[in-house]
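Enquirer: could you look at this predicted model? Sequence included:
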Amino acid sequence: KKLNGEIISGDSVQVYRRMDIGSAKVNEEEKEGIIHHLIDIKEIEVLNISDSIKILKMMKSQGIKAVIATPHFDPANESKEQIKKRIQTVYGELLDQIKERNLPEVFLGYEVMFRYGMSDMQDLDSLTLAGTNKILIELPYGIITNRIIAELEEIAFTRKLSPIIAHLERYKHCEGIEKI
């Protein structure tokens with residue numbers, strides 16, 4: 001609000017109409033007069049490259065020039081290599097489809113699920129936002145413990161990465177959030 005900016009939601013759930021429970025969608029009062037993009041714009045269906053191109057066209061019509069795609073990265077069910085290969089394949093297909101269409105530029109980042117010990121992951125810096133030192137991390141729900149804070153500090157001070165908390169609005173009522 002101080003910067004007279006607008007918010008572009010990249011949340012894979014908030015884009016859907018009538019999917020309000022568990023999505024932490026901001027209501028009109030919480031928006032505080034700030035313009036929000038890409039909330040409640042789609043009916044519930046599977047997103048694919050065609051849908052992504054439609055969204056990029058909509059973003060272009062709103063003056064958006066670039067976006068960071070942040071697919072979820074959770075190595076609990078697949079190996080890091082499998083996840084990255086799958087995401088890189090889809091990202092490559094998307095880039096092939098949009099290269100001649102004068103659409104917003106799409107950069108690849110990841111939304112990384114928090115894990116204790118993640119600061120020790122050898123390839124943690126390969127999961128940053130568009131090759132920067134910023135890493136988007138989704139915290140566990142519930143209490144933000146000193147152990148979580150210590151892990152985030154380790155990522156910041158030892159790994160020299162800047163943690164960005166994904167969906168910060170989800171945690172506004174969590175105990176310990178003031179520590180972040």
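Expert: Now that the structure is in, tell me what you want to look at.
Enquirer: so what pLDDT did I41 get?
Expert: What the model reports as pLDDT for I41 is 73.
Enquirer: tell me if I'm right that it and V15 touch.
Expert: Yes. With contacts counted by C-beta atoms under 8 Å, I41 reaches V15, the gap being 5.7 Å. C-beta: built from backbone N, CA, C; applies to glycine.
Enquirer: residues contacting the residue of the chain most remote from its centre?
Expert: The centre of the chain is farthest from one residue, E100, which by C-alpha atoms, centre = their mean lies 25.7 Å away. Under the criterion of C-beta atoms under 8 Å, 6 or more residues apart in numbering, E100 has no contact partners.
Enquirer: so what's it scoring on pLDDT?
Expert: Value for E100, per-residue pLDDT: 85.
Enquirer: and it, which of the three is it?
Expert: coil (DSSP: H, G, I helix; E, B strand; the rest coil).
Enquirer: quick one, phi/psi of it?
Expert: phi -110, psi 10 (degrees, to the nearest 10).
Enquirer: try F107
Expert: Torsion angles, degrees, to the nearest 10, at F107: phi -110, psi 150.
Enquirer: now it. Nearest residue, chain neighbours left out?
Expert: Distances taken as C-beta to C-beta, 6 or more residues apart in numbering put A130 closest to F107, at 3.5 Å, once the chain neighbours are dropped.
Enquirer: got a list of contacts for stretch 159-176?
Expert: Looking at what lies outside stretch 159-176 - C-beta under 8 Å, 6+ apart - the contacts are 11, 24, 26, 30, 70, 111, 119, 124-125, 128-129, 133-139, 141-146, 148-149, 152, 155-156, 177, 180.
Enquirer: picking that back up, how many neighbours does the residue nearest to F107 have?
Expert: 15 (other C-beta atoms under 10 Å).
Enquirer: quick check: it touching L108?
Expert: Yes. At 6.5 Å, A130 counts as touching L108 under the criterion of C-beta under 8 Å.
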